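task: produce atomic coordinates for the following.
(one chain, ligands or ions: 4)
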Amino acid sequence: MQNHAAASPLLTDLYQLTMAYGYWKTGTHEREAVFHLFFRKPPFASGYSLVAGLADVIDWLRAFHFDEDELAYLQTLEGNDGSPLFEEGFIDYLRELKFTCEVDAVPEGTVVFPHEPLLRVQGPILQGQLVETALLNLINYQTLIATKAARICEAAQDEPVLEFGLRRAQGVDGALAASRAAYIGGCAATSNVLAGKLFGIPVKGTHAHSWVMSFDSEPEAFQAYADAMPNNCVFLVDTYDTLDGVRAAIEVGKRLRETGHEMVGVRLDSGDLAYLSIEARKLLDAAGFPDAVIVASNDLDETIIASLKQQGAKIGLWGVGTKLVTAFDQPALGGVYKLGAIRDGAGNWQYRLKLSEQSIKVSNPGILQVRRFVQDGLIAGDQIINEGEGGETSRTIVDPADSMRRKRVTAEASEELLLQPIFRNGELVYDRPTLEETKAHARAELSRTHPGIRRLLNPHEYPVGLGPQLHELKHKLIQQARGEAPGA
Ligand SMILES: Nc1ncnc2c1ncn2[C@@H]1O[C@H](COP(=O)(O)OP(=O)(O)OP(=O)(O)O)[C@@H](O)[C@H]1O
Ligand SMILES: O=P(O)(O)OC[C@H]1O[C@H](OP(=O)(O)OP(=O)(O)O)[C@H](O)[C@@H]1O
Ligand SMILES: O=C(O)c1cccnc1
Ligand SMILES: [Mg+2]
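Ligands and ions are numbered 1, 2, ... in the order given. Next up is the predicted model:
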């Protein structure tokens, strides 16, 4: 857990506890249920998303346990009439409660799409309910930031992106989670030193305007920095006149070279970054510094980076803070957690869905899994299936928004299952990848995603939908729920 104060079962909405109490009171708390975590719309109108947050989910679930001080707090909660909200017997029940569910999840760094279960929790309904809020919190934000980072790195076309967000992030835990998710999404390093220590992310940085402003002149400032740190010199050149700043950096770079050191580069943080980078490049090249890198920062995002590229900017390293870690243009991913199945008294699965006026918002019933088809090295379509009925044999994918739209995946395509076993009977059974492995996985996932789907603007729509059997089941349940079918 990044923030140990949050490693508590009280990291939840009160209503999860009141529902848990209700299940316990009515004796239904042990009924086996299946919940799915999914989102309906990708963030940033992106053609894909990169899932992240599972590592924290695992830590949180492993620590799931009510301590005495947490129980004591719950005992202080009162109903409207001032009587205790929870009776003693329930507090005793929570004291003994152990997490015993099965959890399946899509590994971090996997490319995912709307409606697919990213996480599936199966077990006593009380437990499945109690974990909802924390799971959503952890997956929603980190998936959002990993996706934003992937888009920014896509725009940078393999040039390194440094994450500079700590000062603008949503609090301390938000900053740490953002640094980690941004690294998974493709960022090369972070300026956040604590994230570096906690997660092993490379840390990088230049210097601020205050350094330059603390000297009588810019050349003095650069020289002093070079004297102090001859092997780490990226000079911020825009405190006064940017191109004069580049000239001053070159002079210091020449002196560094005489002492056997090489200036790493310059940073631009204001003005027309296309024009200034092109002019700075000319100056650096003419002075014999073709390898000096030009770093740019200043409210960058994927749109500005793509535009700068198109303008022929000579920027080799991108520093991105605010708009990355705050997911500026879409500050939340709307992931939800819905009940898909519950066992009846006879032990049979009852499939459940939530109706909505909008057909696309009707949840999917069942014990869901995702079959991903891969053809010619590219992901070709995802089929959501109900494992409760033994899965699907057909390779047809039915669009959940329009059942007339169907895609048939050919027999040559290989297939894989997205949800992997994470917990069995409450025990961790997943061989956890390192952060480096997760980052490499994300990279491999993106490289087998067609560039049209990765396109920043108006991406191609990836085929994701239901298997025909699940589509039929859903259709039947919708009719029943609306009272349209016999026996409803
Ligand atoms: N050539 C360019 N094309 C598109 N966007 C650019 C270009 N150059 C810079 N930008 C972006 O335009 C915005 C400029 O921000 P702003 O208007 O605050 O100017 P500034 O250069 O930061 O001014 P100041 O000197 O006051 O710091 C930033 O988001 C920056 O990334
Ligand atoms: O723009 P971001 O993507 O958030 O990247 C981080 C910003 O933080 C630093 O300065 P800060 O914004 O604190 O001050 P300045 O813009 O006045 O230099 C840096 O110079 C960048 O501008
Ligand atoms: O190292 C830098 O250049 C840096 C770090 C944080 C924020 N902005 C810039
Ligand atoms: Mg700024």
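
show the low-confidence segments of this protein, by residue range.
1-5, 485-488 (pLDDT under 70).

for ligand 3, what is the nearest residue in it?
Gly205 (2.9 Å; C-beta to the nearest ligand atom). Where C-beta positions appear, they are placed from N, C-alpha and C, glycine not excepted.

report how many residues lie close to that residue.
Number of residues near Gly205 (other C-beta atoms under 10 Å) recorded here: 16.

cool, Thr396 as well?
Counted with other C-beta under 10 Å, Thr396 comes out at 17.

so who does it touch?
Applying C-beta atoms under 8 Å, 6 or more residues apart in numbering to Thr396 gives the contacts 383, 406-409, 467-468.

can we see that at 10 Å?
Shown in contact with Thr396 (C-beta atoms under 10 Å, 6 or more residues apart in numbering): 381, 383, 406-409, 465-469, 471.

can you check Phe64 too?
Each residue near Phe64 by C-beta under 10 Å, 6+ apart is listed here: 7-9, 97-99, 101, 127, 130-131, 134, 426.

quick check, nearest of these to ligand 1?
Of all the contacts of Phe64, Ala134 has the smallest distance to ligand 1: 35.3 Å, by C-beta to the nearest ligand atom.

wait, doesn't the closest one sit right on Leu37?
No. Contact criterion C-beta atoms under 10 Å: Ala134 and Leu37 do not qualify, at 11.0 Å.

more neighbours, these two?
Set side by side, Ala134 and Leu37 show more neighbours around Leu37, with 26 against 23, by other C-beta under 10 Å.

bridging residues for Gln369?
Under the criterion DSSP bridges, Gln369 forms beta bridges with Ile385.

need the contact list for it.
Counting by C-beta under 10 Å, 6+ apart, Gln369 makes contact with 104, 116-117, 120, 383-388, 391-392, 417-419, 467, 470.

okay, now the residue in the chain positioned nearest to ligand 2: neighbour count?
Scanning the chain for the residue nearest ligand 2 gives Gly321, at 2.8 Å (criterion: C-beta to the nearest ligand atom). Using other C-beta under 10 Å, Gly321 has 21 neighbouring residues.

quick one on the thing from earlier: among the contacts of Phe64, who's most crowded?
Among those, the one with the most neighbours (other C-beta under 10 Å) is Val131, at 26 neighbours.

wait, isn't Thr393 in contact with Gln383?
No. Between Thr393 and Gln383 there is no contact, the gap being 11.1 Å when judged by C-beta under 10 Å.

neighbour-wise, which of the two wins?
Neighbours per residue (other C-beta under 10 Å) separate Thr393 from Gln383, with Gln383 holding more: 27 against 8.

what residues does the stretch 301-450 of the chain have near ligand 2?
319-323 (C-beta under 6 Å from any ligand atom).

now do the phi/psi pair for the closest residue to Thr206 other than its chain neighbours.
Excluding its sequence neighbours, the residue lying closest to Thr206 (C-beta to C-beta, 6 or more residues apart in numbering) is Val234, at 4.1 Å. Backbone geometry at Val234, expressed as degrees, to the nearest 10, gives phi -120, psi 110.

for Val234, give me its contacts.
The contact partners of Val234, by C-beta under 10 Å, 6+ apart, come to 204-207, 225, 249, 263-267, 292-295, 317, 319.

mind redoing it with 8 Å?
Applying C-beta under 8 Å, 6+ apart to Val234 gives the contacts 206-207, 264-267, 293, 295.

and it, how close does it get to Gly260?
18 Å (C-beta to C-beta, to the nearest Å).

close to ligand 3: what parts of the stretch 151-300 of the chain are there?
Neighbours of ligand 3 within the stretch 151-300 of the chain, by C-beta under 6 Å from any ligand atom: 164, 191, 205-206, 267, 297.

mind putting the residues you listed into TSV with distance to Gly89 and secondary structure?
Conversion of these to TSV gives the following (distance: C-beta to C-beta, whole Å; DSSP: H, G, I helix; E, B strand; the rest coil):
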residue	distance to Gly89	secondary structure
Phe164	52	coil
Ser191	51	coil
Gly205	56	coil
Thr206	60	coil
Arg267	63	strand
Ser297	58	coil
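
and which of those residues is nearest Gln330?
Using C-beta to C-beta, Phe164 is the member of those that lies nearest Gln330, at 19.9 Å.

host element of Arg180?
helix 171-185 (DSSP states H and E).

and Trp211, what helix or strand is that in?
Counting by DSSP H and E, Trp211 is part of helix 209-213.

helices or strands next to that helix in the packing?
Counting contacts by 3 or more C-beta pairs under 8 Å, 6 or more residues apart in numbering; DSSP states H and E, helix 209-213 is packed against helix 218-228, strand 234-236.

so for the longest one, what gets flagged as buried?
Same thing as helix 218-228. Buried residues in helix 218-228, counted by 16 or more other C-beta atoms under 10 Å: 218-219, 221-223, 225-226.

contacts for it?
207, 211-212, 214-215, 233, 235, 237, 239-240, 244-245, 248-249, 251-252, 255-256, 261, 263.

can you rerun that using 6 Å?
211-212, 215, 233, 235, 245, 248-249, 252, 256 (C-beta atoms under 6 Å, 6 or more residues apart in numbering).

helices - which of the residues of the stretch 301-450 of the chain next to ligand 2 land there?
Taking DSSP state H as the definition of helices, these contribute 322-323.

by neighbours, which of the residues of the stretch 301-450 of the chain next to ligand 2 wins?
Neighbours here mean other C-beta under 10 Å. Within these, the largest count is held by Val320, at 29 neighbours.

which residue packs closest to that residue, ignoring adjacent ones?
In space, and not counting its chain neighbours, Val320 is closest to Leu300: 4.8 Å by C-beta to C-beta, 6+ apart.

same check on Glu102?
Gln122 (4.5 Å).

what packs against the helix or strand hosting the one you found?
Using DSSP H and E, Gln122 sits within strand 119-124. On a contact count with 3 or more C-beta pairs under 6 Å, 6 or more residues apart in numbering; DSSP states H and E, strand 119-124 meets strand 32-38, strand 102-105.

which ChimeraX command selects the buried ones in the contacts of helix 218-228?
The ChimeraX command for the buried members of those (criterion: 16+ other C-beta under 10 Å) is given here:
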select :211,212,233,235,245,248,249,252,256
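
out of the contacts of helix 218-228, which is nearest to Ala195?
Trp211 (22.8 Å).

you'd agree Ile278 is up against Leu308?
No. Applying C-beta atoms under 6 Å, one finds Ile278 not in contact with Leu308, separated by 10.3 Å.

who's more crowded, those two?
When neighbours are counted by other C-beta under 10 Å, Leu308 comes out ahead of the other of Ile278 and Leu308, with 21 against 16.

who's in contact with the more buried one?
In this structure, Leu308 makes contact with 273-274, judged by C-beta under 6 Å, 6+ apart.

repeat for the one 3 residues further on
Shown in contact with Gln311 (C-beta under 6 Å, 6+ apart): Ala274.

now do it against ligand 1, distance only.
Gln311 sits at a distance of 5 Å from ligand 1 (criterion: C-beta to the nearest ligand atom, to the nearest Å).

then Ala296?
Distance, Ala296 to ligand 1, by C-beta to the nearest ligand atom: 8 Å.

which helix in the chain runs the most residues?
helix 132-155.

centre of the chain to that one, how far?
2 Å (C-alpha atoms, centre = their mean, to the nearest Å).
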